[in-house]
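1. below are the sequence and a predicted model for it; my questions follow.
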Amino acid sequence: QKEVEQNSGPLSVPEGAIASLNCTYSDRGSQSFFWYRQYSGKSPELIMFIYSNGDKEDGRFTAQLNKASQYVSLLIRDSQPSDSATYLCAVNGWEKSTFGDGTTLTVKP
Amino acid sequence: GAGVSQSPRYKVAKRGQDVALRCDPISGHVSLFWYQQALGQGPEFLTYFQNEAQLDKSGLPSDRFFAERPEGSVSTLKIQRTQQEDSAVYLCASSLYGASNNYNEQFFGPGTRLTVL
């Protein structure tokens, strides 16, 4: 079992819909959690991070963290075709980040 | 822009050759990470530097892999006697703080795509 698990997808949503991306992690001592977006052939870029239980909103993006359930999610509201990419969940431990394999999102016009 | 740069962007090596991959982090960034990303997978941690000190090399897959950051800025990842399974994208990332800082955003370079024939 990988330390960070994500549904590989592909996840397909229509333009304007809400996309929901999920991630679970195994290390209960993990402190901070990051969502990266990676376009095909490009390097990951940070969308947002969260470290406290609850929700954190940034524009169209909302990250949700539940440490008791070891679960973190990313909601994308009003999805746009430009949001089509692979979304990587990363969990920070001591001295390194552990990444999931990503969920591929396609937003159809 | 003063982002993370990597060179070369593409490298083709014959099996058994040695290769050296370079990373120029953002100026002033304390932490530097190397990751290996295979197609369809997330980045896999290789090694971590805090300034010039290599604090974690637990992800290096074999003793053919070696990394250094002698002056605490530029880093080189060297792979000796390359094998086909070494083919991947090698990503470098830097961050402002030491890795013990929980809010340590990592900025990634464009990566080096290594193909071993």
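-> Perfect, I can see it now. Residues are numbered from 1 along each chain as shown, chains lettered A, B, ... in the order given.
2. is chain A contacted by the host helix or strand of residue B:20?
-> Residue B:20 belongs to strand B:19-24 when elements are defined using DSSP states H and E. No. Using C-beta under 8 Å from any C-beta of the partner chain, strand B:19-24 stays clear of chain A, with a minimum separation of 11.8 Å. The way it works is simple: take the backbone N, C-alpha and C, and place the C-beta from them, glycine included.
3. gap between that strand and the chain center?
-> Distance of strand B:19-24 from the chain centroid (C-alpha atoms, centre = their mean, to the nearest Å) equals 7 Å.
4. can you list contacts of that strand?
-> B:4-8, B:11, B:13, B:32, B:34, B:73-79, B:82, B:90, B:92, B:94, B:109, B:112, B:114 (C-beta atoms under 8 Å, 6 or more residues apart in numbering or on different chains).
5. let's see it at 10 Å
-> B:2-8, B:11-13, B:32-34, B:49, B:66-67, B:69, B:73-82, B:86, B:90-94, B:109, B:111-112, B:114, B:116 (C-beta atoms under 10 Å, 6 or more residues apart in numbering or on different chains).
6. give me the mean pLDDT for that strand.
-> When pLDDT is averaged along strand B:19-24, the result is 98.
7. just stretch B:28-41 next, same as before
-> 94.
8. so which bits of it are buried?
-> B:29, B:30, B:31, B:32, B:33, B:34, B:35, B:36, B:37 (16 or more other C-beta atoms under 10 Å in any protein chain shown).
9. when you check chain A, which of the residues you listed turn up near it?
-> Intersecting the buried residues of stretch B:28-41 with the contacts of chain A gives B:31, B:33, B:35, B:37 (criterion: C-beta under 10 Å from any C-beta of the partner chain).
10. could the residues you listed go into TSV alongside secondary structure?
-> Below are these laid out as TSV (DSSP: H, G, I helix; E, B strand; the rest coil):
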residue	secondary structure
B:31	strand
B:33	strand
B:35	strand
B:37	strand
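11. okay, and for chain B, where does confidence drop off?
-> B:1, B:100, B:102 (pLDDT under 70).
12. tell me what the residue nearest the centre of it is bridged to.
-> Centroid-nearest residue in chain B, with C-alpha atoms, centre = their mean: residue B:34, separated by 2.9 Å. Beta-bridge pairing of residue B:34 under DSSP bridges involves residue B:47, residue B:92.
13. over to residue A:87?
-> In beta-bridge terms (that is, DSSP bridges), residue A:87 pairs with residue A:37, residue A:103.
14. residue contacts, the residue of chain A found nearest chain B?
-> As assessed by C-beta to the nearest C-beta, chain B sits closest to residue A:99 within chain A, at 3.5 Å. By C-beta under 10 Å, 6+ apart, the residues touching residue A:99 are A:2-4, A:6, A:23, A:34, A:36, A:38, A:44, A:88-91, B:35, B:37, B:41-45.
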